[in-house]
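Participant: following is a predicted model, sequence given first.
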Amino acid sequence: QVQLVESGGGLVQAGGSLRLSCVASGLTFSTYAMGWFRQAPGKEREFVAAITRSSGSTLNADTVKGRFTISRDNAKNTVYLQMDSLKPEDTAVYYCAATSSGTYIYSVKYNYWGQGTQVTVSS
């Protein structure tokens, strides 16, 4: 079955960096666009970033532009989220997801989800 497994979360001070990874199995990774979403306590899940199948294009939420970078390695079935200049408001559970659609910002368009990894940014 399809599995997406995130790692790399943790506790970091404001201004610091983290790199999240998501390893996929059970699907033809290169045929799916990949996205990262996050959900803070008491809030709805929100789009963070997405990358097309061939890494030809990326899309970032306005809240993370210039700070977060999404990338992928199709040979390793892995998608990454490099997070720099972290802020306390970035604290959330971060999820990776795979979509076969051409729409990236809506969570309902994603076919598969990971279990999430916690990112906590202290002030």
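Facilitator: Looks like it arrived, so ask away.
Participant: only C-alpha atoms from now on, for both contacts and neighbour counts.
Facilitator: OK.
Participant: which parts of the chain are strands?
Facilitator: With strands called from DSSP state E, the chain shows them at 3-7, 10-13, 18-25, 33-39, 46-51, 58-60, 68-73, 78-83, 92-99, 112-113, 117-122.
Participant: for residue 105, find the nearest of those strands.
Facilitator: Checking the strands of the chain against residue 105 by C-alpha to C-alpha gives strand 46-51 as the closest, at 5.6 Å.
Participant: hmm, who's touching the closest one?
Facilitator: 33-39, 57-61, 63-64, 69-72, 104-107 (C-alpha atoms under 8 Å, 6 or more residues apart in numbering).
Participant: just stretch 86-95 next, same as before
Facilitator: 6, 13-17, 36-41, 67, 113-123.
Participant: swap in stretch 105-119?
Facilitator: With contacts defined as C-alpha under 8 Å, 6+ apart, stretch 105-119 is touched by 2-12, 22, 37, 45-47, 49-50, 90-101, 103-104.
Participant: run the last query once more with 6 Å
Facilitator: Residues from elsewhere that reach stretch 105-119 (C-alpha atoms under 6 Å, 6 or more residues apart in numbering): 4-5, 9-10, 47, 91-99.
Participant: pull out the buried residues from those residues.
Facilitator: Among these, those scoring as buried are 4-5, 9, 47, 91-99 (criterion: 16 or more other C-alpha atoms under 10 Å).
Participant: generate TSV for those, with distance to residue 27 and pLDDT as supplementary columns.
Facilitator: Shown next, in TSV, are those (distance: C-alpha to C-alpha, whole Å; pLDDT from 0 to 100):
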residue	distance to residue 27	pLDDT
4	10	98
5	13	98
9	24	97
47	22	98
91	30	98
92	27	98
93	24	98
94	21	98
95	17	98
96	14	98
97	12	98
98	10	98
99	11	97
